[in-house]
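> Okay, sequence plus prediction incoming.
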Amino acid sequence: MIERFYLKEYLSFKEVELDLKSGLVVFTGPSGSGKSILMSSILSSFGTASCDASVCESTVSWELDADEYGIESDDLYIFKHIKKEKSRYFINNQSISKKSMTDLSSGYLRHLSLRDFSDFENENLLSILDERIKKQNQNIDKLKNDYKEAFLEYKMVKKELLSIEDEQKRVIELKEFAAYEIKKIEDVNPKISEDIELLDIKKELSKKEKAMEAISRASLIFEQEHNVFSTLDLLNIDSSFFSDTMNELRAIMESAEERFNALDEVDIEEVLGRIEELGDLKRRYGSIEDALEYKEQKIQELQKYENIEITKGNLEQREATLSKKVKDYANTLTQLRHAELKPFIADLNRYLKELYLRDAQVEIVQTDYGVLGKDEIVLKLNSTELQKVSTGEFNRFRLAILALKSEFMSKNGGVLMLDEIDANLSGEESMSVAKVLKQLSKYFQIFVISHQPQLTSMGDQHFLVYKKDDESYVRELDFDNRVDEIARIISGESITQEAKGFAKELLGLHVK
């Protein structure tokens, strides 16, 4: 609930602080006193309306899941809207975006003055019907969970199957392409590092002739080898070092000569052709390693295409099994809902009668399978579609739906804000709205602006909004002041004794 509201400097209001109670909170006052402005400023503190107040601040005792917004958990949360040069929003003094604040509060605060169809959405209507079924059949929750699991798995399998069927239409072309790509690489049959080895051979071939000529000229050194040995002997110098050097040099020359002679069998045109062939492959795939990896990928794809019929057959079997499960669960849900529909209609029409509305026509029609089954609840008011009923009838119809839902609520439903929902209603109609709101106030904290004595008398808390010297004020009324205010509503500014008597009578029915 909203426990406290604070407003500073907004139009005719300079400063307002309200300590609020649970239940039905009523705001009354003369026309133009600022009631709607006050309601708008409360909404503004939660980011669901705009106003130019310096400060709008609401303290709430909601169990918020605020962690994902970076707000620390607490027993109380202070929602604040500050307007200076621009609007800023805070929760517990932590800055937050308007959208995040609205998202956080939307699960707890609803403004019912708008033509909002959310209460008439199929999900909400089915939840009310299913909660009624649960009273006699505790297994419905398990049935709904089993259905949902089967339906979601069926959707997943169906999606996979459609993907395979779509792929199958292209499988011949894909198989041909994969086989072509594999053959193209296999025809080249590249080996890792082969390109590097061939480039080395190319370099050797390019310098073979010059190298062999150089080796031939250098080999003349060996013809003078004996003269060097003789000279070293005459000089009494050990010639072993020279012998080792010459042997090493001879080995180098012979090895090089053998290597170059071996190139006589190499076809330079073949080497250049192979280098060009590998170059084309590298330009297409990046490297020889990438080409071989791509070939393996295509081999796996080809295997997948070969196995597609087996995969498709397995999925078709799963789809058939899940389809039967989904239909069986959905049919059971439909039967339970149809069985409860008659008492559902009777209770709804009872509320509508209390609200001086005509009977509603309710039917369950079959629609596409969804997470809630294949049922859709269609509502009309005296054969008139919801979009065509008057705003007053629409809002009272919505109250009837909320009242029906509240019968099975196990926790507080948050805050409802209603702006003059009893406007232009007769006394009997206003009393009917008041009674329904009183019932709802067991589960919701309800803020309502009223110009009718019946609803005003039902309030658990009554605030008077009034103006003095062009400034608006708000004060909570005690019993005697409530009598005076209700009498004013009945008879106008000239309060009569009869009006005061009727006001006391009304309050006596509801205030103990």
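Alright, I've got the coordinates.

> what about the longest helix along the chain, average pLDDT?
In the chain, assigned by DSSP state H, the helix with the most residues is helix 288-354. The average pLDDT within helix 288-354 is 89.

> repeat for stretch 186-202
83.

> helices or strands up against the lowest-mean-pLDDT helix or strand in the chain?
Of all helical and strand segments in the chain, the minimum by mean pLDDT, DSSP states H and E falls on helix 171-188, at a mean of 80. Counting contacts by 3 or more C-beta pairs under 8 Å, 6 or more residues apart in numbering; DSSP states H and E, helix 171-188 packs against helix 268-285, helix 288-354. Any C-beta I mention is one placed from the backbone N, CA and C, and that applies to glycine too.

> ok, 7 Å please
Judged by 3 or more C-beta pairs under 7 Å, 6 or more residues apart in numbering; DSSP states H and E, helix 171-188 is in contact with helix 288-354.

> Now the element after the helix it packs on, going C-ward?
strand 360-370 (DSSP states H and E).

> what ranges of the stretch 101-250 of the chain fall below the confidence cut-off?
Residues of the stretch 101-250 of the chain that meet the criterion pLDDT under 70 lie in 113-114, 171-172.

> about what we covered before: residues contacting the next helix or strand after the least confident helix or strand of the chain, please?
On the C-terminal side of helix 171-188, the closest following helix or strand by DSSP H and E is helix 194-218. For helix 194-218, the surrounding residues in contact (C-beta atoms under 7 Å, 6 or more residues apart in numbering) are 253, 256-257, 260, 263, 266, 268, 271, 274-275, 278, 288.

> just checking, what packs against the helix or strand just after helix 194-218?
The helix or strand immediately downstream of helix 194-218 is helix 225-234, counting by DSSP H and E. For helix 225-234, the contact count by 3+ C-beta pairs under 7 Å, 6+ apart identifies helix 240-262 as packing neighbours.

> picking that back up, so which of the contacts of helix 194-218 is the closest to Glu316?
The closest of the contacts of helix 194-218 to Glu316 turns out to be Ile288 (C-beta to C-beta; 42.3 Å).

> Any idea which residue is closest to the centre of the chain?
Residue closest to the average C-alpha location in the chain (C-alpha atoms, centre = their mean): Asp103, at 12.0 Å.

> now that residue, what's its secondary structure?
Counting by DSSP: H, G, I helix; E, B strand; the rest coil, the backbone at Asp103 sits in helix.

> Find me whatever residue is spatially closest to it, sequence neighbours aside.
Counting by C-beta to C-beta, 6 or more residues apart in numbering, Asp103 lies nearest to Tyr69, which is 8.0 Å off, once chain neighbours are set aside.

> Report the buried members of the contacts of helix 194-218.
Buried members of those, counted by 16 or more other C-beta atoms under 10 Å: 253, 260, 271, 274, 278, 288.

> how far away is the residue lying closest to the first one once chain neighbours are set aside from Ile221?
To tie it back to what came earlier, the one meant is Met253. Of all residues beyond its chain neighbours, the one nearest Met253 is Ile215 (5.6 Å), with distances taken as C-beta to C-beta, 6+ apart. Look at Ile215 and Ile221: by C-beta to C-beta, to the nearest Å, they are 11 Å apart.

> Looking at the buried ones among the contacts of helix 194-218, spot the one nearest Asp146.
For those, the nearest to Asp146 is Ile288 (55.4 Å; C-beta to C-beta).

> Next one: that closest one from Asp67, what distance?
53 Å.

> what does Asn189 give?
For Asn189, the distance to Asp67 (C-beta to C-beta) stands at 60 Å.

> Low-confidence stretches in the stretch 401-512 of the chain?
Counting by pLDDT under 70, the stretch 401-512 of the chain contains low-confidence ranges at 409-411, 509-512.
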